[in-house]
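Undergrad: Structure for the following, please:
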Amino acid sequence: MTRVSTSALRRLTTSLLALLLLANAPAHALDAEVVKKLAAEDTAPKLEAINALARAADPGALPVLEALRDGNLNVTPDGRVLILADGVAKDAVTGEALAQVPPGLEAVGINNRLRSALDSALSAFALFSSDREKRLQAARGMEGSTSVSLLPMLNKALEKETDPKIRSILEQTRAGINVADRDPRVRLEAVKVLGQSDQQRTKLLLLPLLEKDASGQFAESDASVRQAADLAITAINRRVALSDYSGRLFAGVSLASILMLAALGLAITYGLLGVINMAHGEMIMIGAYATYVTQQVVRTHLPGLLEWYPLAAIPVAFIASALVGMALERSVIRWLYGRPLETLLATWGISLFLIQLVRQIFGPQNVEVANPAWLSGGIELANLTLPYSRIAIIGFAAIVLLLMWLLLARTRLGLFVRGVTQNRAMASCMGVNTGRVDLLAFGLGSGVAGLAGVALSQVGNVGPDLGQSYIIDSFMVVVLGGVGQLAGTMYAALGLGVASKLMEPYIGAVPTKILILVLIIAFIQRRPQGLFALKGRALEA
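TA: Next comes the predicted model:
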């Protein structure tokens, strides 16, 4: 038989007594005087109580603060603070439920100042959640807070937090509070941490350190802190500028992808047929409205697949725009080849007709085309957010460009299109049905414009005038890149899109368009064939 030592028996007895005491103890017991201040008439005692509960980091304070925020915290005529929810009253100090709701309860009110303090305190409590997303949201909710009362909870959270992103946010928040500390060593360390930020608002915490009073004395007495603050501001400005330019570059590439989709079809029809199609923008509009119709049909008949309606809209928009384009070519344009002025006027009239037709069918107002969940939100990089919808459009444009290249370079139809483009008479002599090639090429160009409408429906408004916003830009891309050249269209769209977004913040949107147009005109004067010229015996003769 095993013998138990006296010390081991004593430790076992102590543990059992502790467990019994915990079992008989109330769920939580807060400081009664602190809780009572929450029911005070003045704001200052309430604010002091909120900060005290936040400093204590007691989980039992969470339901009390939530009740105060939600308007469920009440006080009895004798000053007892209760939580009243779903007809049940609980003591705010002990958490014990009362047999019945006492009469004469008065709700504890809060103002905007208290609500802000409550939000910070509740965010601090969420820092200890097991859910990473809740902790991340809580950390972001505390960003910019300068309340010293949050320091104890921040320190506790940093001791347990292992996620690098959350730790970085918490360290920045703590440094933002410590930058006002009395100890210059603490301020210096805080400034060094803030100097690692890439947020513009962090500068607002550092700039006061470099200010001077009326007598010319620095607000910050310590020279090393001032020097560190100056270096930190410089570093933040550099990161913010880099992030800003990265955002503009991404926006430029996104705009370029849309311009390329809009101009690809025009590059084919204008390059092959020499037709100035002023109704090309309406092909984009038809593709956007085809996306809207697809969304409505899927929502009505296949609601479970609504998230994937953009994928179904791609072939629908292509076919709808291609059929309209082919009908336009057979009914009007085929009779006007070689007469550019008449073609321009005719297609302009057709564009007005299509706009009015859409207004009659769908109404003059914009229609709602919603983003599915997988195209909502974005990738967060520092203080830069890259929307999923824009990323998807860039990828979509690259896929369309690749497919167009494969079609023109690796298929029989592409061979005929290239042959007719370079020498129509010789292609006809070789037995190529140029009329049929014209019809298919015009349908292909119009269908690609419809794909541009699918992309635009995910990032902008869909209305009858949608195409009018892109027709001029599409012609500029085609002329600059070289008529009928896919590579030229891609490079021209990329150049125009990026240049527009880089210049707009400095000179404005309208002056940017005017300047780009002037530069294109000057370029065409020196190189009329554009960036890439078509090659062929008929062209070289």
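Undergrad: burial count for residue 187?
TA: Residues lying near residue 187 (other Cβ atoms under 10 Å) number 23. C-beta coordinates here come from the backbone N, C-alpha and C atoms, glycine included.
Undergrad: That one is in contact with residue 181, isn't it?
TA: Yes. Counting by Cβ atoms under 8 Å, residue 187 touches residue 181, with 5.5 Å between them.
Undergrad: low-scoring stretches of the stretch 401-541 of the chain, by residue?
TA: 483-485, 532-541 (pLDDT under 70).
Undergrad: how about 80 then?
TA: Along the stretch 401-541 of the chain, segments meeting pLDDT under 80 span 421-424, 482-486, 528-541.
Undergrad: now the helices for it?
TA: Secondary structure of the stretch 401-541 of the chain, counting by DSSP state H, counting those that start in this stretch: helices at 412-422, 424-429, 434-457, 471-481, 486-507, 509-526, 537-540.
Undergrad: which of the residues in the third one are buried?
TA: What it means is helix 434-457. 437-457 (16 or more other Cβ atoms under 10 Å).
Undergrad: contacting residues around stretch 103-119?
TA: 38-39, 43, 46-47, 50-51, 65, 68-69, 71, 73-77, 81-82, 84, 89, 141, 147 (Cβ atoms under 8 Å, 6 or more residues apart in numbering).
Undergrad: Buried subset of those, written for PyMOL?
TA: Applying 16+ other Cβ under 10 Å to those, the buried members can be selected in PyMOL as follows:
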select buried, resi 38+39+46+47+50+51+65+68+69+73+74+75+76+81+82+84+89+141+147
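Undergrad: So which of the contacts of stretch 103-119 are in strands?
TA: 73, 74, 75, 81, 82, 84, 89 (DSSP state E).
Undergrad: Which residue ranges of the stretch 1-150 of the chain form helices?
TA: Along the stretch 1-150 of the chain, counting by DSSP H, counting those that start in this stretch, helices occupy 6-24, 32-37, 43-56, 61-70, 112-125, 132-142.
Undergrad: that older thread, from the ones in strands among the contacts of stretch 103-119, which single one is nearest residue 124?
TA: Sorting the ones in strands among the contacts of stretch 103-119 by distance to residue 124 puts residue 73 at the head of the list, at 18.6 Å, by Cβ to Cβ.
Undergrad: which residues touch the closest one?
TA: Neighbour list for residue 73: 38, 39, 64, 67, 81, 82, 83, 84, 92, 107, 108 [criterion: Cβ under 8 Å, 6+ apart].
Undergrad: The helix or strand harbouring residue 320 - contacts with which helices or strands?
TA: Assessed by DSSP states H and E, residue 320 sits inside helix 309-331. Using 3 or more Cβ pairs under 8 Å, 6 or more residues apart in numbering; DSSP states H and E as the contact test, the elements touching helix 309-331 are helix 280-301, helix 340-362, helix 434-457.
Undergrad: by contact count, what packs against the second one?
TA: Yep, that's helix 340-362 we're talking about. Contacts defined by 3+ Cβ pairs under 8 Å, 6+ apart place helix 340-362 against helix 280-301, helix 309-331.
Undergrad: how about CSV for the helices and strands packed on helix 309-331, with distance to residue 465 added?
TA: Formatted as CSV, the helices and strands packed on helix 309-331 follow (distance: least, Cβ to Cβ, whole Å):
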stretch, distance to residue 465
helix 280-301, 8
helix 340-362, 7
helix 434-457, 12
